[in-house]
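> got a sequence here, can you model it:
(chains A and B)
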Amino acid sequence: MSPVSFRRATPAVLAAAIVLTAAACGGGGGTSQQSGDGKSFEFWSFTGINQKKTVEAYKKIHPDVQVKLTEVGSTAETAQALTTALAGGKVPDLVLIQGDDLPKFLQQPQNFQDLRQYGADKMKGDYLDWVISQSVARSGEIIGIPTDVGGMAVAYRTDLFKAAGLPTDREEVSKLWPTWDAFIETGKKYTAATGKAFIDNAATSVFLQAVNQGPEKYYDQNGNVIYRTSPQVRTAFDLGLKAIQAGISAKQSSFSEGWSAGMGKGDFAVISAPSWLLGQIQDNAPGTKGKWDIATIPGGAGNWGGSYLAIPKRAANPKAAWEYISKMQSPQGQLDHFLEAGSLPTTPSVYQDSKLLSQKDPFFSDAPIGKIYTESLLGLKPYVIGPDDPAIGSEFLAAITNVEQGKGDPAKAWDAAMANIKTAIGK
Amino acid sequence: MTTTLSPRRTTPEAETEARVRQSLAERLAPYAYIAPFFLIFGIFGLVPLLFTFYVALFDWNPIGEHVFIGLDNFSRLLGDPRFWNAAWNTISMWLLSTVPQLLAALVLAHLLNHARLRLATLWRMSMLVPYITSVAATTIVFAQMFDRDYGLLNWLLGLVGVGPINFQQSVWGSHIMIATMVTWRWFGYTTLLYLASLQAIPRTIYEAAAVDGAGAWKQFRHISIPSLRPVIIFTIVTSTIGGLQIFTEPMLASHTTPLTCGPIRQCQTLTLFLYEQGFGQFQFGYGAAIGVALFVLIIVIATLNYLLSARIRPER
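Residues are numbered from 1 along each chain as shown, chains lettered A, B, ... in the order given. I've put the predicted structure just below:
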């Protein structure tokens, strides 16, 4: 599992994984098809994405409909519970699937309702093209409707930048790093001036972002595996190693204890931050309110994360679940959720909405988060995501982390990653 | 069953018939009593076990096709460096946790059995505290203690001028960390098992030995250990089975890569590898094959252990 799919995990909930999986099995024999009354449905979500707010908003519009919301656990735990349920347990009527977990389900579309039967193909144009295309199966079935995307930016500490003699204004800071090489150079200046690390870690803050910024990642447009030869992948990998060798990394793995603690202590001055990470920064370092700001990501565009709503084939109340999707995931519904809970809409028609553009976050020095993050999405080139994407991605991250955290030899890291991916996926 | 034997010999035919009927019922009764266990074991133990052998012969996607591939999963397993890495990690962590644990338990049990120990019940019962503490809680606390930057252990090492050790990221460091957690959880339980057996040894034997001039070590070596033989064999076999299935500790030890216990799988055990392949990669067939391999490994090591530990003989 990659840190990507693990992003919303909190340490303690892990222990609940097995219990929950067992509970999912124990539901027993729910094979009844479409036996629901249409007035209630069961909804599985993961923690940290605040689906409660959307559900509450929906209950206000439809007081007659009962929504049974269960926050199963982290994104990966939710996907595992869903797998167990699909394999032979009681399935929910509606389930939230994180983008990185989606390809595995997309390979087996027979487990889900084809949402075209409810008119999803007519709504398709509402969503960012590269986002909705990730939930379209081989024969054109649409199995998921996107709820949010991450976008990408850099969160930085203005107080630490000032102490290092760097500019603090977000426009000027953005100009410091049009490219990743310039970003690493800025890091060197910061580290030379302060003696402290610049980034939290190179694996996620450099490699993972750079590898997402091109037209082809691990698969080409025809779905062939090309991680070995893709120049985009090699460039991103070398950038990751370069950042480590520049000595600008605090070597704190994302979501680890030291990472959370380091945020408050100022152990590092910047983090590559998708929109959903902003809430975690606030939770981990409440004492740093007002000391952060947000600049654009090197390379200009990026995305990390995003989720989809799907309806399992054996759902008892598919119509009630679809009603919910079509109401709450419309452009207006996503805009409302953004203003309320902060998840970035996937519907470009609202990106010019004045309420979105004027949304500011006081924790981050009143940065216009709606504007910054939606701009990072519009510049993104779509790339094909294949079924082995998570496995390939986590091996690359592991190879870089091994150089960063362990005793891995940077000269051998690429070859090691190639060998490990070959073992993992057989290609 | 001898209760039906009667010294009087009245109508022998009727007597024999009654005896046969009664003894049949009597002979069946014990089986009926233990049947519930075997029934439940059959449903929840044996059937899943046999089903695992069956699934191991397939390319089995839990939500997709099941394709029969014979022994391909096993031949792939033998050539998979990740499997050998996990097997080595498992054996290493098992040795690092079991050997110190059993030795410490033996010494502690001997101390707790001392005749002049004050507050004996308090000391004995407190041994069980780690055992009844949630594994997840223990693991999180230990992982923080072993943390590179903010850990208690590295702070103490720093006081004596030893640079911070990145336990989690190194092979030996992570093995020691997890072995410590496992030892911590089980030593109290094992101690109490030994203590119970020690208390069954009559004090007179020790007194007689003392009169004969045997010191504490000689008493321990020649009276305690031979008397503990059955329980030592029991704990060695159970800790082999448990130690080779370590799962929760390595899974919770690494936050960012829970299924591999670190970027180079430095502390991934066989059970964790099984879980990664089965539930992380959706390869149930391959996961089942790992389960079968683990089953064989446990049987081999448990048998070896039994043969070795059976050599502890009571002295005559």
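> what's around the closest residue to residue A:253 other than its chain neighbours, how many residues?
Closest residue to residue A:253 apart from its sequence neighbours, by Cβ to Cβ, 6 or more residues apart in numbering or on different chains: residue B:256 at 4.4 Å. C-beta here means a position set from N, CA and C on the backbone, and glycine is covered the same way. Per other Cβ atoms under 10 Å in any protein chain shown, the neighbour tally for residue B:256 reads 27.
> also residue A:177?
21.
> tell me the contacts of it?
A:154, A:183, A:186, A:295, A:298 (Cβ atoms under 8 Å, 6 or more residues apart in numbering or on different chains).
> okay if I get these as TSV plus neighbour count?
Supplementary listing: these in TSV, determined by neighbours: other Cβ atoms under 10 Å in any protein chain shown:
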residue	neighbour count
A:154	25
A:183	26
A:186	22
A:295	23
A:298	25
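> of all these, which comes closest to chain B?
Checking those against chain B with Cβ to the nearest Cβ, the nearest one is residue A:154 at 20.3 Å.
> contacts for the strand or helix carrying the closest one next, please.
According to DSSP states H and E, residue A:154 maps onto strand A:153-157. Contact partners of strand A:153-157, identified using Cβ under 8 Å, 6+ apart, comprise A:173, A:177, A:266, A:269-275, A:277-278, A:281, A:288, A:291-298, A:364, A:372-373, A:376.
> likewise for stretch A:228-235?
Contacts for stretch A:228-235 (Cβ under 8 Å, 6+ apart): A:210-211, A:213-218, A:220, A:227, A:396, A:414, A:418.
> do stretch B:193-204 as well
Contacts to stretch B:193-204, defined as Cβ under 8 Å, 6+ apart, come from residues B:105-106, B:108-110, B:112-113, B:115, B:124, B:223-224, B:227-228, B:230-232, B:234-235.
> then stretch A:335-342?
A:49-50, A:53-54, A:57, A:147-148, A:275-276, A:278-279, A:328, A:343-345, A:347, A:350, A:353, A:355-356, A:359, A:369-370.
> mind listing what's buried along that stretch?
A:335-338, A:341-342 (16 or more other Cβ atoms under 10 Å in any protein chain shown).
> just want the most central residue of chain A.
Nearest residue to the geometric centre of chain A (Cα atoms, centre = their mean): residue A:305, 1.4 Å.
> pLDDT score assigned to the residue nearest to that residue when sequence neighbours are not counted?
Distances taken as Cβ to Cβ, 6+ apart put residue A:150 closest to residue A:305, at 3.6 Å, once the chain neighbours are dropped. pLDDT, residue A:150: 90.
> quick one: contacts for residue A:150?
With Cβ under 8 Å, 6+ apart, residue A:150 has these contacts: A:274-277, A:303-306, A:344.
> out of the residues you listed, which sit inside helices?
Taking DSSP state H, the ones among those that sit in helices are residue A:277.
> looking at the contacts of residue A:150, which is nearest residue A:407?
Using Cβ to Cβ, residue A:304 is the member of those that lies nearest residue A:407, at 28.1 Å.
> so the closest one sits right up against residue A:211, yeah?
No: using Cβ atoms under 8 Å, residue A:304 is not in contact with residue A:211, being 10.6 Å away.
> are the helix ranked longest in chain B and chain A in contact anywhere?
Counting residues, the longest helix found in chain B (DSSP H) is helix B:81-112. Yes: among the residues of helix B:81-112, B:81-82 lie within reach of chain A under Cβ under 8 Å from any Cβ of the partner chain.
> one step back: the residue nearest to residue A:305 and residue B:208, how far apart?
Per Cβ to Cβ, to the nearest Å, residue A:150 is found 77 Å from residue B:208.
> and if you look at residue B:296?
From residue B:296 over to residue B:208 the distance is 47 Å, taken as Cβ to Cβ.
> and for residue A:103?
From residue A:103 across to residue B:208, the span is 74 Å (Cβ to Cβ).
> of the two, who's got more company?
Under the criterion of other Cβ under 10 Å, the comparison of residue A:103 against residue B:208 puts residue A:103 first, with 18 against 12.
> what is the closest residue to residue A:115 other than its chain neighbours paired to in the beta sheet?
Spatial nearest neighbour of residue A:115, chain neighbours left out: residue A:142 (4.5 Å); criterion: Cβ to Cβ, 6+ apart. Beta-bridge pairing for residue A:142 (DSSP bridges): residue A:136.
> now do the contacts for residue A:142.
With the criterion set at Cβ under 8 Å, 6+ apart, residue A:142 makes contact with A:114-116, A:120-121, A:124, A:132, A:135-136.
> can you pick the most crowded of the contacts of residue A:150?
residue A:275 (29 neighbours).
> correct me if wrong: that one contacts residue A:345.
No: at 10.3 Å, residue A:275 does not count as touching residue A:345 under the criterion of Cβ under 8 Å.
> got the contact list for residue B:66?
With contacts defined as Cβ under 8 Å, 6+ apart, the neighbours of residue B:66 are B:58-60, B:285.
> any idea how far residue B:163 lies from residue B:147?
Residue B:163 sits 15 Å away from residue B:147, taking Cβ to Cβ as the criterion.
> which of those two has more neighbours?
Shown here are residue B:163 and residue B:147; by other Cβ under 10 Å, residue B:147 has more neighbours (21 against 8).
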